[in-house]
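Participant: Have a look; sequence and predicted model below, questions after that.
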Amino acid sequence: MYSEHAFSYYSVVVLVVAYSVMGAGKRTQKVSALDALNDSSLAINNPFTPFRVCETTKSDDEGPFYKVYAPIYKMEDLENVGRIEVCKTNVTYGRLLLNGTIRQSSYENPCGKPVRAMVEVWQANSHGLYSDVSWSSGDYTCRARLITGSDGFYSFATQYPGRYRYNMTGPFRPAHVHFRITPLDDNYEATGNSLITALYFHPDIFLRPNDGCTFCRSNEPSLGIYASNKRDLTTLEGTWDVLLA
């Protein structure tokens, strides 16, 4: 026969044991932050893991040099056409090789999944000059529209873009490539708004606050990469993955 004190003691023991078992259960369900980063479903569905936060790619100014109806290339045809060249490259100019994956963010998967997209690209050539932007001109130098597969992957070769003065007398603009990215369905119809943005390269002395364009976002972390020489001294290579909101 237990006394009142004995009952209280054993009740506490039972509660402690139960709490320990529950704690052990929580520990078995706990996943490292690295695992959560590798599997966003863990971070979303498991209440014992840190919520994964992925930053969507920010927009940037379109600028005055966008031109519609640039040549179209399908990434699925890459094996047939070889490397896609936005600006024709040769040994005289610094060559830039870019690739990346377009992802679409959602509430269920904030870090996104690959999505088919149209990736429009335009830029200045190595001398800092854009091709004719008038609609009557058939000059589409350094302009292209890339259609990715369902894996969202794009890649192209181009010239490393030259710097130019924003208003002829002011500071230079940093080297950059303009992008307009539109998610597509399997019928190549747009499924959302286009992201108008730009890619910049570190290090560059003309990134903000030294950018000749005072309202452009050349210091935005999601818009910058470090390109490196991997195969020769005149070729820079970089990867820029885009997360659409």
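Facilitator: All right, it came through fine.
Participant: Note down every partner strand of the longest strand along the chain and its orientation.
Facilitator: Identified as the longest strand of the chain according to DSSP state E is strand 95-104. Using DSSP bridges, the strands paired with strand 95-104 in its sheet are strand 113-114 (antiparallel), strand 153-159 (antiparallel), strand 235-239 (parallel), strand 242-244 (parallel).
Participant: Now the ones you listed in a markdown table, please, with extra columns for mean neighbour count, distance to E85 and mean pLDDT.
Facilitator: Any C-beta I mention is one placed from the backbone N, CA and C, and that applies to glycine too. Listed next are those as a markdown table, based on neighbours: other CB atoms under 10 Å; distance: least, CB to CB, whole Å; pLDDT from 0 to 100:
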| stretch | mean neighbour count | distance to E85 | mean pLDDT |
| --- | --- | --- | --- |
| strand 113-114 | 16 | 24 | 96 |
| strand 153-159 | 21 | 5 | 95 |
| strand 235-239 | 17 | 13 | 94 |
| strand 242-244 | 21 | 21 | 98 |
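Participant: Please convert those to a markdown table, extending it with distance to P71.
Facilitator: Output for those, formatted as a markdown table (distance: least, CB to CB, whole Å):
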| stretch | distance to P71 |
| --- | --- |
| strand 113-114 | 24 |
| strand 153-159 | 12 |
| strand 235-239 | 23 |
| strand 242-244 | 21 |
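Participant: Look at the residue nearest to A175 when sequence neighbours are not counted and report its pLDDT.
Facilitator: Spatially, and ignoring its direct neighbours in sequence, A175 is nearest to P161 (4.7 Å; CB to CB, 6 or more residues apart in numbering). According to the prediction, P161 has pLDDT 95.
Participant: quick one: contacts for P161?
Facilitator: With contact set as CB atoms under 8 Å, 6 or more residues apart in numbering, P161 has these partners: 96, 123-126, 128, 175-177.
Participant: what's the answer for R165, then?
Facilitator: 171-173, 212.
Participant: what sits opposite it in the beta ladder?
Facilitator: F172.
Participant: what's the distance between it and C213?
Facilitator: Taking CB to CB, to the nearest Å as the measure, R165 and C213 are separated by 10 Å.
Participant: how long is stretch 180-193 end to end?
Facilitator: 10 Å (CA to CA, to the nearest Å).
Participant: okay, now M168: neighbour count?
Facilitator: Counted with other CB atoms under 10 Å, residues neighbouring M168 total 7.
Participant: ok, which stretches of this protein are helices?
Facilitator: Using DSSP state H, the helices found in the chain span residues 4-29, 33-38, 40-45, 78-81.
Participant: Show me the shaky parts of the protein.
Facilitator: 1-52, 79-82, 90-93 (pLDDT under 70).
Participant: before we move on, the earlier item: tell me which of the strands paired with strand 95-104 sits nearest to S134.
Facilitator: Closest to S134 of these, according to CB to CB: strand 153-159, at 22.0 Å.
Participant: List the contacts of the closest one.
Facilitator: So strand 153-159 is in contact with 75, 78, 83-89, 93-102, 114, 117, 119, 121, 123, 125-126, 142, 144, 146, 148, 177, going by CB under 8 Å, 6+ apart.
Participant: Likewise for stretch 232-240?
Facilitator: Contacts of stretch 232-240 (CB under 8 Å, 6+ apart): 91, 93-100, 160, 199, 201, 225-231.
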